[in-house]
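> no sequence on this one, just coordinates:
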């Protein structure tokens, strides 16, 4: 069975390396932004607009990525599946840009940014391009062209980072030392401020589209209306699932802006958004796993040992996530420098959000039951259930607890979705998950973190160096216990073939 883990692990490493490098470069922008924009409200604008971006990308892809993987299992129609989806996404994305451009003033006013209708134009193009290129990235994953996938993804991130550095560091420096330079003033306007974050993203998205043009034009396009209706019927519940999922993942930023009782709600959005990103390693691993797992689960579905493989993958996944949780929390004194001083007041949300993302990753593992059985409607039901929890708890808790309320709402949402998906999955597609081991990994990780907090508080350890030394000892003991417990499994997993 360890061969299945090795196969998935190798794919996760490839996609993970891409995501780790790309996300690290991208996440390095967080300290850049939070140190430059010391007013948390400015970064709050970024957090809110990207929340809306995530929502509309889901709408404009309408579940077609997963439909592509599912219908491409039939080799005889694989090309028609791809070209039909590309044509569909191209039409809807173009219409989206046109509508947003025509009504940009109204939309900007509704979002309470009446002085910046240009934000709407920029983001409509970003969303449309990202929606269209998503199917080309799905094709690269399907064809196991991980290096091509990695090259385009990393290029996108590098361009984003470089233009952020150019507009936010280099241009202000040049303007300060050459205030009369007409060239600098022609390409840089200090008044745009956080808008340069969006412009950098826009440039990167367009370059990504240009890099994928060879793949776009080498296809012989056929739009099969009958096939499209079948794919859309399969994908529509996934669209609902995706919309509800985005509500769960990002709408807390929007709700914070409207329900916070703080003097400057956008400051709360900024603090929460910045501290949310401290869960970087957990997020990267979960995302890398998700990229690799979906095609792996589908390809494994016809094997006799498929369910055993899914169970083993789940245990390994929780093991790694638990270690990540402990590692981040024991070294939070170092990790906190990831964000500017004005944002560190929000650090208490980090352990809550880390564990919430672990639950989300488990949910991704569990979701294979309704995708393989074709009962994607259950995915939509579960996500809607989670969205109701997210909306309800955010509206109830934000007025009293501000962004801490949002963090706990996220925790409860993902925990509830995980439990419901497990119970339904055991009924419709039973998999013998090792619940004892999974629960032990999670509870042991939380206990180790709690022990660290207890020791440091009881001994009144104030010096960061001493705290790190104590936590390092705790980490070594924690890892040693796990290694002893899993020595035979780990030996079998990593031994040479």
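Nice, I can see it. From a predicted model like this one, the values you see are computed outputs, not experimental measurements.
> please tell me how far the residue of the chain most remote from its centre sits from residue 191.
Using C-alpha atoms, centre = their mean, the residue of the chain lying farthest from its centre is residue 180. It sits 42.9 Å away. Counting by C-beta to C-beta, to the nearest Å, the gap from residue 180 to residue 191 is 18 Å. No exception for glycine: its C-beta is placed from N, CA and C like everyone else's.
> buried stuff in stretch 258-265?
Going by neighbour count (16 or more other C-beta atoms under 10 Å), the buried part of stretch 258-265 is 259-260, 265.
> so after the helix or strand of the chain with the lowest mean pLDDT, what's the next helix or strand?
Scoring the helices and strands of the chain by mean pLDDT, DSSP states H and E places helix 2-27 at the bottom, with a mean of 59. Going down the chain from helix 2-27, the next helix or strand is helix 29-36, by DSSP states H and E.
> give me the contacts around that next one.
The contact list for helix 29-36 (C-beta atoms under 8 Å, 6 or more residues apart in numbering) reads 43, 46, 160-161, 164-165, 168-169, 194, 197, 270, 274, 277, 337-340, 342-343.
> again, only this time at 10 Å
Applying C-beta atoms under 10 Å, 6 or more residues apart in numbering, the set of residues contacting helix 29-36 from outside is 40, 42-43, 46, 157, 160-161, 164-165, 168-169, 172, 193-194, 197, 200, 270-271, 273-278, 280, 337-344.
> residues of it that come out buried?
29-34, 36.
> now do the strands in the stretch 1-150 of the chain.
Counting by DSSP state E, counting those that start in this stretch, one finds no strands in the stretch 1-150 of the chain.
> what sits closest to residue 397 if chain neighbours are left out?
Take residue 397 and drop its neighbours on the chain: the residue closest to it by C-beta to C-beta, 6 or more residues apart in numbering is residue 405, 2.8 Å away.
> so which strand or helix has that neighbour?
helix 403-428.
> any stretches of the stretch 251-400 of the chain with poor pLDDT?
Applying pLDDT under 70 to the stretch 251-400 of the chain flags the ranges 280, 291.
> could you give the angle of the longest helix along the chain to helix 403-428?
Criterion DSSP state H: the longest helix present in the chain is helix 225-259. An angle of 150 degrees separates the directions of helix 225-259 and helix 403-428 when computed by axes from the mean of the first three to the mean of the last three C-alpha atoms, to 10 degrees.
> now do helix 225-259: distance to the chain's middle.
Helix 225-259 sits 15 Å away from the centroid of its parent chain (C-alpha atoms, centre = their mean, to the nearest Å).
> what helices and strands are in contact with that helix?
helix 40-61, helix 64-71, helix 78-102, helix 265-276, helix 349-366, helix 368-372, helix 376-401, helix 403-428 (3 or more C-beta pairs under 10 Å, 6 or more residues apart in numbering; DSSP states H and E).
> so that helix versus helix 376-401, what angle?
Using the same axes, to 10 degrees, helix 225-259 lies at 10 degrees relative to helix 376-401.
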